[in-house]
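*Asks:* I need the structure of the sequence given here:
(one chain, ligands or ions: 1)
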Amino acid sequence: MGIAREVFGDALPVAERYAAFLADAGVERGLIGPREADRLWDRHLINCAVVAEAIPDGAEVVDVGSGAGLPGVVLAIVRPDLKVTLLEPLLRRTTFLNECVDLLGLSNVEVRRGRAEEAAKDLSVDVVTARAVAPLDRLAGWALPLLRPGGELLALKGERAAAELAEAGPVLERFGVRTTELLQVGRGMVDPPTTLVRVVAGQDAGAVGRQQRAPRRAKGSRKRSS
Ligand SMILES: C[S@@+](CC[C@H](N)C(=O)[O-])C[C@H]1O[C@@H](n2cnc3c(N)ncnc32)[C@H](O)[C@@H]1O
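*Replies:* Residues are numbered from 1 along each chain as shown. Have a look, this model is predicted:
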């Protein structure tokens with residue numbers, strides 16, 4: 001528990017309550033695998049908490065595909081300065097997330113039910129996080145339109161991080177991203193350290209996203225004259 005105390009500081013009791021809720025209701029409702037209960041701290045809570053190292057002060061964050069709240073709930077616990085939106089399409093999961101917010105008394109979290117590709121019309125934030133949601137090329141297409149120019153996608157990835165970044169090249173180019181980077185956070189706190197792919201949005205990610213979502217006119221159909 002020494003590392004957990006170091007990572008969560010004064011927020012450790014809140015993190016402990018979240019871990020207990022995951023191990024109990026999370027497993028019972030199938031949001032966390034039963035085998036995960038024994039390794040919640042290193043594989044889930046600490047692994048996610050160290051992502052905070054890469055997030056600027058006071059940032060607005062959207063956690064896409066939050067599931068049982070990873071990493072979004074953990075980030076909200078460890079960084080009360082952040083404003084976190086947990087974006088999740090499945091009702092069973094948003095119900096669980098709302099219960100977490102109430103149980104933990106998190107005043108910096110909003111739970112929103114929906115798919116990332118439909119949320120760009122009214123979200124424009126500093127940071128999008130995502131863990132285990134989709135391969136980077138698809139994830140980037142959903143996440144970049146949610147970012148303000150210069151905002152960052154932080155995707156928690158495993159051993160294939162570099163390969164996924166390479167495969168996402170054409171999509172990232174289409175969205176006009178500024179920079180991409182692989183980084184590791186949590187060295188000495190979690191083994192292996194957490195690998196992040198950081199993608200910094202360019203000026204027009206929102207516009208590219210809107211263009212992509214615009215319905216294509218069927219072949220042979222005509223513009224209606226008014
Ligand atoms: C494998 S779970 C990962 C959950 C959590 N991030 C974690 O690491 O434990 C993937 C989650 O992404 C959500 N998801 C799938 N497609 C999505 C989309 N288009 N927009 C937002 N969330 C999505 C699913 O409902 C599911 O909760």
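
*Asks:* contacts, neighbours, all on C-alpha from now
*Replies:* Noted.

*Asks:* Sketch out the low-pLDDT regions of this structure for me.
*Replies:* For the chain, the stretches with pLDDT under 70 are 213-226.

*Asks:* Kindly report the residues of it close to the ligand.
*Replies:* Within the chain, the residues that sit near the ligand (C-alpha under 6 Å from any ligand atom) are 64-67, 70, 87-90, 115-117, 130-133.

*Asks:* ok, residues contacting stretch 148-155?
*Replies:* Contact with stretch 148-155 is made by 124-131, 136, 140, 143-144, 147, 178, 196-206, as judged by C-alpha atoms under 8 Å, 6 or more residues apart in numbering.

*Asks:* Apologies, that question was intended for stretch 160-174.
*Replies:* Stretch 160-174 is touched from outside by Pro135, Leu136, Asp137, Ala140, Gly141, Leu182, Thr195, Leu196, Val197, Val208, with contacts defined as C-alpha under 8 Å, 6+ apart.

*Asks:* would you turn these into TSV with distance to Leu97?
*Replies:* Compiled in TSV, those are given as follows (distance: C-alpha to C-alpha, whole Å):
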residue	distance to Leu97
Pro135	24
Leu136	25
Asp137	27
Ala140	24
Gly141	25
Leu182	29
Thr195	25
Leu196	24
Val197	25
Val208	31
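
*Asks:* what about Gly65, how many neighbours?
*Replies:* Look at Gly65: counted by other C-alpha atoms under 10 Å, it has 26 neighbours.

*Asks:* if you skip the residues just before and after it, what's nearest to it?
*Replies:* Glu88 (4.8 Å; C-alpha to C-alpha, 6 or more residues apart in numbering).

*Asks:* before we move on, back to that, taking the contacts of stretch 148-155 one by one, which sit in helices?
*Replies:* Judged by DSSP state H, the contacts of stretch 148-155 include Leu136, Ala140, Ala143, Ala205, Gly206 as members of helices.

*Asks:* Quick one: the strands in the protein, in order.
*Replies:* 60-64, 83-88, 109-113, 125-131, 147-157, 179-185, 194-200 (DSSP state E).

*Asks:* Most tightly packed of the ones you listed?
*Replies:* Comparing the strands of the chain by mean neighbour count (mean count of other C-alpha atoms under 10 Å), strand 60-64 comes out on top with a mean of 27.

*Asks:* other SSEs contacting it?
*Replies:* Here strand 60-64 touches strand 83-88, strand 125-131, going by 3 or more C-alpha pairs under 8 Å, 6 or more residues apart in numbering; DSSP states H and E.

*Asks:* Next, format these as CSV and append distance to Asn108.
*Replies:* Converted to CSV, those look like this (distance: least, C-alpha to C-alpha, whole Å):
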stretch, distance to Asn108
strand 83-88, 5
strand 125-131, 15
